[in-house]
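Participant: Everything below, folded, please.
(one chain, ligands or ions: 2)
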Amino acid sequence: MAEPARITKSHEQHRVLTIRGKSYCNSACIFCIEKFAGYHPVAPKSDETLQLILEGAGKYNMLFFMNGEPSVHPKLFEYVKLAKDGGFRYFGMSSHFRTFADPHFALKVLEAGFEFFDISLHASTYDAQLEVNPIDDGGRSLKEALHGLRNIQEIARRTRRRIGVTHKFVITRMNYRELMPLFRSTYDLGVRNFIMQPVKASGLQPEVAEKLAINEDEFMPFVNDLLRRTEGLGAEIKLYGMSQIGAYDSKDLVQESNLVKHVSSKRNLRLTLDLYQGDRIIPEQAAPSDAVAHKITVQLPNMEQTATFTCREDQFILNAALASGLGLPFGCRMGSCAMCCGRLVEGTVERAPQLILTEQQMEAGYTLLCRSRPRSDCVITTHQDGELGL
Ligand code: SF4
Ligand code: FES
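Facilitator: Residues are numbered from 1 along each chain as shown. Ligands and ions are numbered 1, 2, ... in the order given. Here you go, the predicted model:
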């Protein structure tokens, strides 16, 4: 078994500027919201990306690429050079790793300063890979990706570079029963960091969404099975974008502790905000509780839509909103990305630990709905992440 490429220099305490949005990729994962969602923010064009990097200098110490397939982006190394000049210290990307099957390119990426990698791999057999990524290659993109993983780890070892590889897999109706073999497919190659996140199918074509969408009640037993069977194996596991209600409390379960600012193009057409448009990833069955309940009213910034639901004092407002049928925006659900940010107009909340909001912003009423429990009836304006000036 390969020597574990454990993240020796954890990238946990970083302020991360993450470039994301629709951009070129030579894979075609059927759940890819960037490629196939009816609407998805586009990635910033090169001039915009250069501007975002310049504006981010001094505010962030890590630049992370998550737009399309960064390893095939023609300006990747130009962006890294500019960012280094601007004081960015760390670099990372989310990638399908197929490009790293070319050892020369893998070395070039390491020499450019990339240390942190998310390998985006969602199947562990050729057949399943072909179903997830139907690019008419018999599923061999899986072999390329694993070959790329071996390459980048081996070259890093030989050139005495410490790197961190995290295996990120999207849980769908197609793979939720195969989480253990998926985990082993990279664990056995030395990966020790894992992110599991449920598919966001709401923006996909109805027939694709039906094939992929799955609710927490269905996949959590398999997530818990993996957490139990992997406990003590030295792997760190993050449950991204799910409520974690009923999650097995493994000692290897970790929460996000980076501040992560996601940026896409400012050119994005103004999306028509809708309180009901979104993914409701929440257990259908609410756990019984006799905690005091409060009335929560949420309103769009343009006041064109309002909705009211009940939230108990032991519930996060985001979870109660999703359970009531709303589709409020969210990302991490761990207090590190601000996608769920709202602003209190009336009422009080108790805030769980979070990484984003300053005292001043909280005094101004900003609150992360994934980390806030009501202490009275509340009125909240949603979609406030853009107001934080992160
Ligand atoms: S590798 Fe990533 S960007 Fe490319 S299609 Fe798959 S999910 Fe989308
Ligand atoms: S969803 Fe990321 S901070 Fe709430």
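
Participant: So which elements touch the helix or strand residue 185 falls within?
Facilitator: Taking DSSP states H and E as the definition, one finds residue 185 inside helix 179-187. With contacts defined as 3 or more C-beta pairs under 8 Å, 6 or more residues apart in numbering; DSSP states H and E, helix 179-187 has these neighbours: helix 141-158, strand 164-171, strand 193-198, helix 216-230. The C-beta positions use only the backbone N, C-alpha and C, and glycine is treated the same way.

Participant: Which among the ones you listed is found nearest to ligand 2?
Facilitator: Closest of the helices and strands packed on helix 179-187 to ligand 2 is strand 193-198, at 11.6 Å (criterion: C-beta to the nearest ligand atom).

Participant: Report how many residues lie close to the residue lying closest to residue 212 once chain neighbours are set aside.
Facilitator: Spatial nearest neighbour of residue 212, excluding adjacent residues (C-beta to C-beta, 6 or more residues apart in numbering): residue 172 at 4.3 Å. Using other C-beta atoms under 10 Å, residue 172 has 21 other residues around it.

Participant: Residue 172 is in contact with residue 122, isn't it?
Facilitator: Yes. Look at residue 172 against residue 122 with C-beta atoms under 8 Å: they come within range, at 7.3 Å.

Participant: what touches both of those two?
Facilitator: Common neighbours of residue 172 and residue 122, using C-beta atoms under 8 Å, 6 or more residues apart in numbering, are 31, 132.

Participant: do the helix or strand bottoming out on mean pLDDT in the chain and ligand 1 meet at all?
Facilitator: Scoring the helices and strands of the chain by mean pLDDT, DSSP states H and E places helix 33-36 at the bottom, with a mean of 79. Yes. Helix 33-36 lies within reach of ligand 1 by C-beta under 6 Å from any ligand atom, at 34, 35.

Participant: That helix: what's the following helix or strand?
Facilitator: Immediately after helix 33-36, counting by DSSP H and E, sits helix 46-56.

Participant: Now do the buried residues in that following helix.
Facilitator: 48, 49, 50, 52, 53, 56 (16 or more other C-beta atoms under 10 Å).

Participant: quick one: the fourth one and residue 260, what's the gap?
Facilitator: Distance check for residue 52 against residue 260: by C-beta to C-beta, to the nearest Å, it reads 14 Å.

Participant: Equivalent analysis for residue 148, please.
Facilitator: Counting by C-beta to C-beta - residue 148 and residue 260 are separated by 24 Å.

Participant: Pull the contacting residues for residue 66.
Facilitator: 18, 19, 20, 93, 94, 118, 262.

Participant: and it, what pLDDT?
Facilitator: Looking at residue 66, its pLDDT reads 92.

Participant: Equivalent analysis for residue 266, please.
Facilitator: So residue 266 comes in at 68 (pLDDT).

Participant: Tell me the predicted confidence for the residue in the stretch 51-200 of the chain positioned nearest to ligand 1.
Facilitator: With C-beta to the nearest ligand atom as the measure, residue 96 is the residue of the stretch 51-200 of the chain nearest to ligand 1, at 4.0 Å. We have a pLDDT of 96 for residue 96.

Participant: my guess is it meets residue 25, correct?
Facilitator: Yes. Applying C-beta under 8 Å, one finds residue 96 in contact with residue 25, separated by 7.5 Å.

Participant: List the residues that are in contact with both of the two.
Facilitator: Shared contacts of residue 96 and residue 25, counting by C-beta under 8 Å, 6+ apart, come down to residue 69.

Participant: Helix, strand, or coil at the closest residue to residue 48 other than its chain neighbours?
Facilitator: Using C-beta to C-beta, 6+ apart and skipping the chain neighbours, the partner closest in space to residue 48 is residue 265 (5.8 Å). Under DSSP: H, G, I helix; E, B strand; the rest coil, residue 265 falls in the coil class.
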